[in-house]
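Asks: The sequence and its predicted three-dimensional model are supplied below.
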Amino acid sequence: MRNDGALLKKLAIFFKKSPISLETNTKKYMKWIKSHEVQKKGNLHEKLLFAPKISIIMPVWNTHERWLHLAIQSVLKQYYNNWELCIADGNSTNPNIKKILDNYANKDKRIKTVFLNENHGIAGNTNEALKLAGGSFVCFLDHDDELSSNSLYDIVKLLNLNPDFDIIYSDNDKIDESGSRKDPFFKFDFSLPALLSTNYPFHLFLCRRSLIESVAGLRYGFEGSQDYDLILRVVEKTNPEKIAHIDKILYHWRTVQESSAHSSSAKPYAYVAGKLALQEYLVRNNITGQVYELAPGSYRVKKEIPDYQDILIMVMTTNQKNETFIHQFNLILQKTTYPVKKIFIPGIYKNELNLSNVEIFRKNSSEYIKDICRKEIFDYMIFVSDECKFEEKFQINPEWIDALIEHFFYFNVGVVGTGSLVFSNIICNVERPCGPVFCVKRDQVIAFLEGEAPSSPKDYDDLQIKLSDFSKTIHVENIYTPFSVGNIPQYGKISQYYSNFKSRKYFTKNMEFYLPSNLSS
């Protein structure tokens, strides 16, 4: 795992199969629950014109009886009634399991059961439960987890706004053996780069049944990450506009001794299967690259750069000489494997870089950058702020340029940058990267500057913010990568970077929970 410094550790998200570990303050979370989860009962009884049947899929095998009761009861307590619970028991050796399931099925006809002659494993048992499903949509419930009572209602309420959604997922937390909730995972809206880093959408995950049937359900050979493999395959069959995120805690993931919720070392085979699922995704989508496991449940898809690209580096400054920066920047350039065509550096650093491809300029201005774009032939411009604060244990990544430009060949990208509020080693879409290094295509720089007055933008931060916002106008996304250099966010400027958002897709209001109180709004 990368060490991105103490601040990132404090801001990291603890979630299922997480590459990041943080035991959040339980009292803080209890306070959050009280202030955010007060249900308005009147709203829960409003008429829903579109009321599809939802099939809840539950594979069962030798479940602890107490957890099984709680899981089923969480379904029975749903405010939304048009559901069916499809249970496949994989030949549990505990005879009480069948008695429990038969008892529930006899009391409520919406509960369907099938008892298998042998255990087909998690994928096989789930597929047998899927055969019972008659709903338009299916969601998945592990045999020892719980749904919040408003889970299905909130999902169907969203479907009433847009019945064309194929996939809906929610935030989740953990629930311990005493019933106490902890470790919320507040998620971002759908991000394919993030999905290729970790299985973040699962729990609660709902999908159109026809979509799951089109990929023939779950596959053997991916045990432990069978859900990840399924998500990667169904996502290919739809488009991002049909994938929705509900920023509410609708699922409670049980932490018991043998589960991966309790410890990432509980099921090491799961993470090997996750790597295999990603490798097959690359093959199916003609992406040339390699998958590296960084930590349990966390991966890096290192994509191949098909053609050599001309790179210019533009160092921007506050006109106050930073000796630490220039020392570390020198070290980076000496180790960099990707050839750099030219480096533009402010005059205060004259003769500081002993390289032949360095050009000195006097001050930052959009007019000067525009002039460079007119005179130079290049593909990408990398901007570096001399306020760059590198990691505490400074480690040079020789492929830091590759880590920036690889995404332009596979995603519809505007700005690729460093610095993230909560994502440690996850590549993710962001509204605005907030780190001291970012990369932009030449065409986007020119298009942006042609529409700007000569005096603006005034500095590095202003330029990065405006270029990030310009991406929206040309319908491209911005990406954060942790695999370049300068990945510590500029925390003192968070309010500047994250202000004026009416709707923040990739840093939701709930995510402010992770920020220190002096940074949250």
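Replies: Received, thanks. Numbers count the residues shown, from 1 in each chain.

Asks: Buried residues, the lengthiest helix in the chain. List them.
Replies: As far as residue count goes, and with DSSP state H defining each element, the longest helix of the chain is helix 268-284. For helix 268-284, the neighbour count (16 or more other Cβ atoms under 10 Å) marks Ala270, Tyr271, Ala273, Gly274, Leu276, Ala277, Leu278, Glu280, Tyr281, Leu282 as buried. Where you see a C-beta, it was placed from the backbone N, CA and C, and this is true even at glycine.

Asks: could you point out which element follows it?
Replies: Note on helix 268-284: by DSSP states H and E, the next helix or strand toward the C-terminus is strand 289-295.

Asks: pretty sure Val75 is in contact with Leu141, am I right?
Replies: Yes - counting by Cβ atoms under 8 Å, Val75 touches Leu141, with 7.1 Å between them.

Asks: returning to that earlier point: can I get the buried residues of helix 268-284 in CSV with pLDDT and distance to Met58?
Replies: Converted to CSV, the buried residues of helix 268-284 look like this (pLDDT from 0 to 100; distance: Cβ to Cβ, whole Å):
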residue, pLDDT, distance to Met58
Ala270, 88, 19
Tyr271, 90, 24
Ala273, 94, 21
Gly274, 95, 22
Leu276, 96, 25
Ala277, 97, 22
Leu278, 97, 27
Glu280, 97, 26
Tyr281, 97, 27
Leu282, 97, 32
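
Asks: Check the secondary structure at the spatially closest residue to Phe205 that is not a sequence neighbour for me.
Replies: Among residues not flanking Phe205 along the chain, Tyr169 sits closest, at 4.9 Å (Cβ to Cβ, 6 or more residues apart in numbering). Counting by DSSP: H, G, I helix; E, B strand; the rest coil, the backbone at Tyr169 sits in strand.

Asks: so where's the stretch 401-521 of the chain uncertain?
Replies: 421-424, 453-456, 489-492, 495, 500-503, 516-521 (pLDDT under 70).

Asks: got the residue ranges for the helices in it?
Replies: In the stretch 401-521 of the chain, the segments counted as helices under DSSP state H, counting those that start in this stretch are 442-450, 460-473, 494-497.

Asks: buried sites along the shortest one?
Replies: By neighbour count, with 16+ other Cβ under 10 Å as the criterion, the buried positions of helix 494-497 are Ile494, Tyr497.

Asks: Could you export that helix as PDB, CA atoms only?
Replies: Output of helix 494-497 as PDB, limited to C-alpha atoms (Å, rounded to 0.1, in the frame of the first residue of the first chain):
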ATOM      1  CA  ILE A 494      -9.900  23.000   0.000                       C
ATOM      2  CA  SER A 495     -12.600  25.700   0.300                       C
ATOM      3  CA  GLN A 496     -11.300  27.300  -2.900                       C
ATOM      4  CA  TYR A 497     -11.300  24.000  -4.800                       C
END
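
Asks: how far is it from where the chain is centred?
Replies: With Cα atoms, centre = their mean, to the nearest Å as the basis, helix 494-497 stands 21 Å off its chain's centre.

Asks: now swap in the first one and tell me
Replies: Relative to the chain's own centre, helix 442-450 is displaced by 29 Å; criterion: Cα atoms, centre = their mean.

Asks: name the helices or strands packed onto that helix?
Replies: helix 366-375, strand 380-385, helix 460-473 (3 or more Cβ pairs under 8 Å, 6 or more residues apart in numbering; DSSP states H and E).

Asks: which strands and helices sit next to the shortest one?
Replies: The reference is to strand 380-385. Applying 3+ Cβ pairs under 8 Å, 6+ apart, one finds that strand 380-385 contacts strand 311-316, helix 366-375, helix 400-405, strand 437-441, helix 442-450, helix 460-473.

Asks: Measure how buried Val81 is and give me the count.
Replies: Quick fix: residue 81 is Asn, not Val. By the criterion of other Cβ atoms under 10 Å, Asn81 has 10 neighbours.

Asks: tell me which element it falls in.
Replies: Using DSSP H and E, Asn81 falls outside every helix and strand.

Asks: How about the one 3 residues further on?
Replies: Mapping Glu84 onto the secondary structure by DSSP H and E places it in strand 83-89.
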